[in-house]
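Trainee: any chance you could fold what I've pasted below:
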Amino acid sequence: MVEYKCFECNKRVAADYLRKKVRCPYCGSKILFKPRTVIAKVQAI
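Mentor: From the prediction side, this is the model:
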């Protein structure tokens, strides 16, 4: 499941909520982003 985060209040917003509106349900901000996953880099010997 894809989740977005609000840029203003930093709370998670579910993707199914965004089908209706493109606003944060907590603070009303229009700026949302998809957080990136952290990738571990392994160094070759």
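Trainee: just checking, Ala15 touches Leu32?
Mentor: No. With contact defined as Cβ atoms under 8 Å, Ala15 does not reach Leu32; the gap is 10.1 Å. Where C-beta positions appear, they are placed from N, C-alpha and C, glycine not excepted.
Trainee: looking at these two, which has the bigger crowd around it?
Mentor: Leu32 (16 against 11; other Cβ atoms under 10 Å).
Trainee: ok, now how distant is the more buried one from Arg19?
Mentor: According to Cβ to Cβ, to the nearest Å, Leu32 and Arg19 sit 13 Å apart.
Trainee: okay, and the common contacts of Ala15 and Leu32?
Mentor: Contact criterion Cβ atoms under 8 Å, 6 or more residues apart in numbering; residues shared by Ala15 and Leu32: Tyr4.
Trainee: what segments of the chain are strands?
Mentor: 3-6, 12-14, 32-33 (DSSP state E).
Trainee: so what does the second one touch, helix or strand wise?
Mentor: This means strand 12-14. strand 3-6 (3 or more Cβ pairs under 8 Å, 6 or more residues apart in numbering; DSSP states H and E).
Trainee: about what we covered before: tabulate the strands of the chain in CSV, adding columns for mean pLDDT and distance to Pro25.
Mentor: What follows is these, written out as CSV (pLDDT from 0 to 100; distance: least, Cβ to Cβ, whole Å):
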stretch, mean pLDDT, distance to Pro25
strand 3-6, 91, 9
strand 12-14, 90, 7
strand 32-33, 90, 11
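Trainee: deepest-packed of those, please.
Mentor: Counting by mean count of other Cβ atoms under 10 Å, strand 3-6 has the highest mean neighbour count of the strands of the chain, with a mean of 17.
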